[in-house]
Structure formats: C-alpha cells, structure tokens
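Trainee: okay, predicted coordinates and the sequence, questions at the end:
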Amino acid sequence: MTGLLTRKYVAVAAVAIAAATMAAPASAVAAESASEAHAPPKPKNLVPLNTKDTMGALGKKVFGPKGEVLGLIVDVIIDAAGHPQAAVIDFGGFLGVGSRKVAVDWNLLHFAPSISDRPVLLNLDRDQIQAAPAYKPDSGPVEMVGAPASKPPAAPDVPK
C-alpha cells in the first residue's frame with residue numbers, strides 16, 4: 001500500500017512540474033505582448049541605412065598589403081566635429097598577451113563594404129607598424145602613423 005501511495009505522489013508531482021513548465025512560456029508570451037502594446041511610437045525622423053554600402057568598424061580585421069591579418073580595430077579617435085581622425089588597431093598578441101595598440105591615420109584605411117567579408121585594408125607593412133609608437137592616450141603626447149612621406153599609398157590587394 002505504501003508503494004502505491006508513493007507512486008501516486010510521484011505521478012502528481014510530475015504532472016504539476018509538467019504543467020508549470022508548459023505555463024511558463026505562455027506567461028512569457030503574454031508579458032512580451034503586453035510590453036509591445038505599451039511600446040513608445042517610433043520616431044518620425046527615421047532614415048533608412050543602406051547596410052550593403054556601410055559597415056561597422058570596431059572589431060574588424062585589418063589586412064596588410066600582402067593580404068595578411070595585421071590586427072583589429074579597437075577604437076576610433078574623432079575630432080571636435082565628430083569626424084574620424086585615427087583608428088586604434090590592436091596588432092599582434094595572443095589572448096591579450098603581447099598585444100600592442102597603434103594609432104593609424106584614418107585616411108590610410110581602405111574600407112570595402114561591398115565585398116562579402118567587408119575587409120579593412122591598410123597599406124602599411126608589419127615593419128612600419130612595429131616601428132610606430134604604442135598608443136597610450138594617458139601618457140603624454142600621442143602620435144599616430146601617417147601616410148609615408150615618399151609616395152602616396154597605393155590601394156592594397158584585397159584578401160581572398
């Protein structure tokens with residue numbers, strides 16, 4: 001008799017757990033639809049953004065003239081008017097060890113948003129980057145790598 005009662009209690013508990021589990025998604029859906037009903041209206045000044053011809057820059061891989069990955073864009077330095085002046089690129093390192101940040105003139109970067117993986121190209125080789133001072137904004141004057149003085153930069157090869 002005791003075994004029969006224990007089985008009944010287990011069965012009742014299982015049914016209660018199943019009912020509570022199935023009710024949870026329904027209550028979540030009800031809460032979500034209630035929040036949508038009280039959502040503020042969309043602004044009237046929305047303008048479409050063409051995502052085929054634009055791209056975000058932060059976290060993008062930067063490729064060198066030979067198609068090699070040089071680093072990642074980790075920051076964008078802007079002037080008082082909000083125009084980009086330099087990209088801070090994290091070159092090298094593994095899991096944050098040995099990484100080095102260098103500021104590079106924004107005009108040296110070539111963006112290709114229409115290419116499928118949307119690469120960022122930089123016409124500087126690894127030696128030029130390694131010779132540049134590290135970007136440390138809180139330690140005195142900050143310098144960025146500008147265009148080479150000898151000749152204007154050519155467009156680098158697009159990685160495949």
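Mentor: Nice, I can see it. Note that the coordinates shown come from a computational prediction; the quantities given were computed from them, not determined experimentally.

Trainee: S99 contacts D90, doesn't it?
Mentor: Yes - in this structure S99 lies within contact range of D90 using CB atoms under 8 Å: 5.2 Å. C-beta: built from backbone N, CA, C; applies to glycine.

Trainee: more neighbours: these two, which one.
Mentor: D90 (19 against 15; other CB atoms under 10 Å).

Trainee: I'd assumed I129 was in a helix, is it?
Mentor: Yes - checked against DSSP: H, G, I helix; E, B strand; the rest coil, I129 lies within a helix.

Trainee: show the pLDDT at it.
Mentor: With respect to pLDDT, I129 scores 85.

Trainee: same check, this time on R7
Mentor: In this model, R7 carries a pLDDT of 55.

Trainee: now do the helices in the protein.
Mentor: Per DSSP state H, the chain has helices spanning 2-37, 126-131. These are given in chain order.

Trainee: lowest-confidence stretch among those helices?
Mentor: Confidence, taken as mean pLDDT, is least for helix 2-37 of these (a mean of 54).

Trainee: doesn't N123 make contact with L109?
Mentor: No - L109 lies out of contact with N123 (CB under 8 Å); the separation is 9.1 Å.

Trainee: what's next to the biggest strand by length in the chain, contact-wise?
Mentor: Ranked by residue count and defined by DSSP state E, the top strand of the chain is strand 69-78. Outside of strand 69-78, the residues within contact range by CB atoms under 8 Å, 6 or more residues apart in numbering are 57-64, 84-92, 101, 103, 106, 120, 122, 124, 126, 129, 144.

Trainee: for that strand, buried residues please.
Mentor: Neighbour-count burial for strand 69-78 flags 70-75, 77 (criterion: 16 or more other CB atoms under 10 Å).

Trainee: cool, stretch 49-64 as well?
Mentor: Those buried within stretch 49-64 under the rule 16+ other CB under 10 Å are 57, 60, 62-64.

Trainee: and of these, the nearest to Y135?
Mentor: Nearest to Y135, judged by CB to CB, of those is V62 at 13.9 Å.

Trainee: so how far is L121 from the closest one?
Mentor: For V62, the distance to L121 (CB to CB, to the nearest Å) stands at 8 Å.

Trainee: common neighbours of the two, please.
Mentor: With contacts defined as CB under 8 Å, 6+ apart, the residues adjacent to both V62 and L121 are L109.

Trainee: tell me how many other residues crowd the residue lying closest to F111 once chain neighbours are set aside.
Mentor: Using CB to CB, 6 or more residues apart in numbering and skipping the chain neighbours, the partner closest in space to F111 is V120 (5.9 Å). Other residues within reach of V120, judged by other CB under 10 Å, total 21.
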